[in-house]
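A.B. asks: Give me coordinates for this.
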Amino acid sequence: MKALTYHAPKDIRFESIPDAKVTKPHAALVRVRACGICGSDLHIYQGHGFSDDVGFCIGHEAVGEIVEIGASVETLKVGDEVMISAAVGCGRCAACRAGDAVRCTNNATGCYGLSHALPGCQAEAVMVPHADQNAAIIPDGLSHEQALMLTDNLPTAYLGALNADIRPGGTVAVVGLGPIGLMAVEIAFVLGASRVFAVDLVAERRAMAERLGAVALPPGDERAVLKELTQGLLADSVVEAVGADATLKLALGLAGKQGTVSTIGVNQTKQFPFPMALAFNKGLTFRTSLCSVVKHWPELVPMVRNGRLKPEQFISHRMPLSGGAHAYALFNDRRDGAMKMVLTC
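C.D. replies: As a prediction, the model looks like this:
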């Protein structure tokens with residue numbers, strides 16, 4: 001089958017790899033209809049991946065049709081159109097069965113497309129382990145593109161907002177306006193925020209946040225302007241969606257007294273110098289977590305179905321899987337208005 005594989009920094013190849021197969025009774029084989037490029041995939045693309053492996057199929061966001069199931073699969077059948085959770089667990093413990101793969105008691109939390117251990121979804125087909133827990137039939141009333149946003153991006157943005165303690169009437173700052181950051185802007189308003197302030201170096205992304213109702217802060221003067229606009233109070237809640245040292249530091253600086261900072265960006269330095277004195281003096285709450293995607297589907301699906309959330313609006317490019325290397329380059333360089341990149345098979 002054809003797939004996108006990682007070989008070296010900025011070296012993504014569309015090539016043939018061995019066919020995905022059902023090798024366990026709890027697994028299902030899904031023919032991929034569409035897959036997405038996530039911001040965290042760019043860490044791999046840039047050579048700062050999550051393993052030293054090379055030549056593996058990448059990607060962890062996909063929707064498609066089940067073409068084969070193992071003997072132990074109970075809730076799915078051949079022909080079902082499904083969305084696949086980016087996060088997987090053992091599928092057997094109580095946490096995994098409740099959709100909370102991050103709390104897997106067998107320490108089997110994982111993600112597609114980080115190495116050869118669990119091949120990725122940017123391929124013509126993907127094997128889904130413990131399919132009953134890690135995939136679901138696309139709900140009635142949802143398009144394939146909406147379902148694709150539910151495989152990772154939208155639940156992650158939602159988790160970031162929940163962890164930021166966003167409350168009705170509160171003020172929120174969102175740092176990083178990629179697809180997940182923009183979804184966090186939209187979610188903040190749904191959760192009742194009175195004002196949302198948006199931070200990003202890219203003017204086009206700030207303009208998109210403004211169209212959602214946010215106030216864009218000028219690069220370099222974010223804290224000063226926010227302080228002026230809030231009469232010195234700063235933000236009650238901050239969602240950080242980049243993970244870089246500079247944006248984490250900025251996010252902590254934008255939070256007001258007794259504020260909450262929630263980061264969903266992946267930090268690659270692994271030694272971020274946390275400003276403990278600042279956090280202590282402000283009385284800040286700081287949270288970060290991986291996302292148990294399935295856990296949030298019951299709340300998010302109705303909001304998408306009824307138009308309260310429109311994650312598909314952030315899709316900027318739709319390209320065939322064969323154009324994956326070009327899509328990665330556009331997304332990485334933020335060219336041609338690149339936001340959410342969707343690849344079709």
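A.B. asks: going forward, measure contacts between C-alpha atoms and count neighbours the same way
C.D. replies: Will do.
A.B. asks: Please enumerate the helices of this structure.
C.D. replies: Listed from the start of the chain, the chain has helices (DSSP state H) covering 41-45, 94-97, 131-134, 144-149, 153-163, 179-190, 203-211, 222-229, 245-254, 276-282, 293-305, 324-333.
A.B. asks: With mean neighbour count, distance to Ala123 and mean pLDDT added, can I get the ones you listed in CSV?
C.D. replies: Putting the helices of the chain into CSV (neighbours: other Cα atoms under 10 Å; distance: least, Cα to Cα, whole Å; pLDDT from 0 to 100) gives the following:
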stretch, mean neighbour count, distance to Ala123, mean pLDDT
helix 41-45, 21, 14, 95
helix 94-97, 19, 26, 94
helix 131-134, 24, 18, 96
helix 144-149, 24, 15, 98
helix 153-163, 26, 19, 98
helix 179-190, 27, 22, 98
helix 203-211, 18, 29, 97
helix 222-229, 17, 41, 98
helix 245-254, 20, 33, 95
helix 276-282, 13, 44, 92
helix 293-305, 18, 21, 97
helix 324-333, 18, 10, 97
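A.B. asks: what's the closest of the ones you listed to Phe14?
C.D. replies: Checking these against Phe14 by Cα to Cα gives helix 324-333 as the closest, at 7.1 Å.
A.B. asks: I would like the residues contacting the closest one, please.
C.D. replies: With Cα atoms under 8 Å, 6 or more residues apart in numbering as the test, helix 324-333 has contacts from 4, 10-14, 37, 42, 45, 319, 336, 338-341, 343.
A.B. asks: Check stretch 37-49 too.
C.D. replies: Against stretch 37-49 from outside (Cα under 8 Å, 6+ apart): 6, 8-12, 50, 58-61, 114, 153, 178, 266, 268, 328, 332, 340-343.
A.B. asks: Save the helices of the chain as JSON lines, and put in distance to Ser237 too.
C.D. replies: Formatted as JSON lines, the helices of the chain follow (distance: least, Cα to Cα, whole Å):
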{"stretch": "helix 41-45", "distance to Ser237": "26"}
{"stretch": "helix 94-97", "distance to Ser237": "28"}
{"stretch": "helix 131-134", "distance to Ser237": "31"}
{"stretch": "helix 144-149", "distance to Ser237": "24"}
{"stretch": "helix 153-163", "distance to Ser237": "8"}
{"stretch": "helix 179-190", "distance to Ser237": "10"}
{"stretch": "helix 203-211", "distance to Ser237": "17"}
{"stretch": "helix 222-229", "distance to Ser237": "13"}
{"stretch": "helix 245-254", "distance to Ser237": "9"}
{"stretch": "helix 276-282", "distance to Ser237": "13"}
{"stretch": "helix 293-305", "distance to Ser237": "20"}
{"stretch": "helix 324-333", "distance to Ser237": "28"}
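A.B. asks: what's the closest of the ones you listed to Thr23?
C.D. replies: Closest among the helices of the chain, once you apply Cα to Cα, is helix 131-134, at 12.3 Å.
A.B. asks: What segments of the stretch 1-150 of the chain are strands?
C.D. replies: 2-8, 11-16, 28-37, 56-57, 62-69, 81-84, 87-88, 110-111, 125-128, 135-137 (DSSP state E, counting those that start in this stretch).
A.B. asks: measure Ala28 to Ala101 for me?
C.D. replies: Using Cα to Cα, to the nearest Å, one obtains 18 Å as the distance from Ala28 to Ala101.
A.B. asks: ignore the last one, Ile138
C.D. replies: From Ile138 over to Ala101 the distance is 20 Å, taken as Cα to Cα.
A.B. asks: Comparing the two, which shows the higher neighbour count?
C.D. replies: Legend: neighbour count by other Cα atoms under 10 Å for Ile138 and Ala101, higher for Ala101 (31 against 21).
A.B. asks: Could I get the contacting residues of the more buried one?
C.D. replies: Contacts of Ala101 (Cα under 8 Å, 6+ apart): Ala87, Val88, Gly89, Cys90, Gly91, Ala95, Thr109, Ser292.
A.B. asks: Chain neighbours aside, what residue packs nearest to it?
C.D. replies: Of all residues not flanking Ala101 in the chain, Gly89 sits nearest, at 4.8 Å (Cα to Cα, 6 or more residues apart in numbering).
A.B. asks: so that neighbour touches Leu118, yeah?
C.D. replies: No. Assessed by Cα atoms under 8 Å, Gly89 is found out of contact with Leu118, at 11.7 Å.
A.B. asks: Tell me which of the two has more neighbours.
C.D. replies: Set side by side, Gly89 and Leu118 show more neighbours around Gly89, with 27 against 20, by other Cα under 10 Å.
A.B. asks: residues in contact with the more buried one?
C.D. replies: Cys96, Ala101, Val102, Cys104, Asn107, Ala108, Thr109, Gly110, Asn134.
A.B. asks: Kindly report the same for Thr23.
C.D. replies: The contact partners of Thr23, by Cα under 8 Å, 6+ apart, come to Gly70.
A.B. asks: count of neighbours near Ser322?
C.D. replies: 18.
A.B. asks: Quick check, pLDDT for it.
C.D. replies: On pLDDT, Ser322 comes in at 98.
A.B. asks: same check, this time on Thr269
C.D. replies: 68.
A.B. asks: ditto for the one 5 residues further on
C.D. replies: Reported pLDDT at Phe274 in the predicted model: 87.
A.B. asks: Give me the neighbour count for it.
C.D. replies: By other Cα under 10 Å, 12 other residues sit near Phe274.
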